[in-house]
Each structure stands twice: as C-alpha cells, then as structure tokens.
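Trainee: Quick check, what structure comes out for this input:
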Amino acid sequence: MPLNHASGKEIIDMTQNAVLNATENLISDVSLPTHEYAVFYENPVFWVAVSFVLVVLLLARPVGKTAKQMLQNRVDGIIKSINSAADLKDGAQKLLVDYERKFVNVDAEAAQILQKSEKEIELLKKESLERLKTEMNIKEKEAEERLKAAQDEVMSDIVNMTSDVTIKALKSVLAEKLNDKMQNKLIEKSINSISKAI
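Mentor: Numbering: from 1, shown residues only. Below is the predicted model:
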C-alpha cells in the first residue's frame, strides 16, 4: 500500500509490524548461554540468596532494638504529657474548690456580722438613748471596716475566679475544637495510662 494513500492509523500499524518483525529476527539471531550446574551450591544465585538471608539475620536484632527503643521513648513522652496535663487539671480543680469555699465563707461571715449587729442593736435599745447612739456609731464603723475588708477580699476572689473561668472556657473551647474521634482517642490514651499506673 502506498504511503500517500494510507491513513494515520494504517501508518502506525505498518510501523508497529515492521518493528515487531525486526525484533523477532534479532532475537532469533542471538542465542543466550544456558548455565547448568551439577549441584545447587555451585549456582551463584544460591550464594546471593544465602548472603541476603545472613545479612537480614545479622541486622534484624540491632535494628529491632533501635526501633523498639525509639517507640518506647515516644510512648514515655506521651505518658509524661498526659500525666502533666492530669496534674494541671487536678491543680486547677483544687484551686477552684478553694476559691468557691472562700466565696461561700465570705457570705457566711457577712451574715454572721449582720446577725451580731442586729442582736447588739436590740440590747442597746433597752439602754439609754445617749449610750445607744454612741455604741451604734462605734459598731457601724466596725461593720463598715469589716464589710470593706470583706468586699476587698471578695473582689480579689472574683478576679481570681474570673481567671479560673477563663481557663475553663479556654479548655472547653479547645475541647469543642477537637472532633469526636480525637477526643475519643485522647480519652482512650488517658484511660490506658491510668490503668497502667494503677
């Protein structure tokens, strides 16, 4: 078939056939040497395989020890991080309980001061009017000083509690940012480390 009347596909097919024919002719002209060995251990492939197995056996133990040590170091680091986080959480919980207790005690102390003042006022009503006015002025000054001190302490406690609430809010925001899978993984790791510690 002349080339100027052939389509592109026909030209590609003819080129392929020519390459295949040339390759078959080349292969038939070349004869590959065949090696026949009387015993298997005379074959170099056998000795290459034996050498490979020996190298693998010799390197398996040191490489295995190194890998195991690296993994153990990583596990120890993770356990330390989890324990540190648990300690921080426990410390924050204790601090929160202390501040809540102080806040409750301030309310109780203020209530006791008010009760005491009321009782004293009732007793003073029975006494003379002059003495009542003098003692009331003294007690009011004392109550104001105690209330001012209590207010200062409450304000200090509120500032401290605000920082604790901020820390809690930050923790909760971080907890919300973690997806369920990451939270479950973190919980499982924590449970595993706690059970190992027990």
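Trainee: care to break the chain down by domain?
Mentor: Partitioning the chain according to automatic domain parsing yields domains covering residues 1-32, 33-197.
Trainee: what helices or strands is the helix or strand bottoming out on mean pLDDT in the chain leaning on?
Mentor: Counting by mean pLDDT, DSSP states H and E, the chain has its least confident helix or strand at helix 180-197, which shows a mean of 74. Contact partners of helix 180-197 among helices and strands, from 3 or more CB pairs under 8 Å, 6 or more residues apart in numbering; DSSP states H and E: helix 44-126. Placement of C-beta: from N, CA and C, glycine included.
Trainee: picking up where we left off before, how about the least confident helix or strand of the chain: buried residues?
Mentor: Buried residues in helix 180-197, counted by 16 or more other CB atoms under 10 Å: residue 193.
Trainee: Using PDB, write out the CA atom coordinates for that helix.
Mentor: The C-alpha coordinates for helix 180-197 follow below in PDB (Å, rounded to 0.1, in the frame of the first residue of the first chain):
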ATOM      1  CA  ASP A 180     -15.100  13.300  68.500                       C
ATOM      2  CA  LYS A 181     -12.600  10.900  67.100                       C
ATOM      3  CA  MET A 182      -9.700  12.900  68.600                       C
ATOM      4  CA  GLN A 183     -11.500  13.300  71.900                       C
ATOM      5  CA  ASN A 184     -12.200   9.500  72.000                       C
ATOM      6  CA  LYS A 185      -8.500   8.800  71.200                       C
ATOM      7  CA  LEU A 186      -7.400  11.200  73.900                       C
ATOM      8  CA  ILE A 187      -9.800   9.600  76.400                       C
ATOM      9  CA  GLU A 188      -8.600   6.100  75.500                       C
ATOM     10  CA  LYS A 189      -5.000   7.100  75.900                       C
ATOM     11  CA  SER A 190      -5.700   8.600  79.300                       C
ATOM     12  CA  ILE A 191      -7.600   5.500  80.400                       C
ATOM     13  CA  ASN A 192      -4.800   3.300  79.300                       C
ATOM     14  CA  SER A 193      -2.200   5.400  81.000                       C
ATOM     15  CA  ILE A 194      -4.200   5.500  84.200                       C
ATOM     16  CA  SER A 195      -4.800   1.700  84.200                       C
ATOM     17  CA  LYS A 196      -1.100   1.200  83.600                       C
ATOM     18  CA  ALA A 197      -0.300   3.500  86.500                       C
END
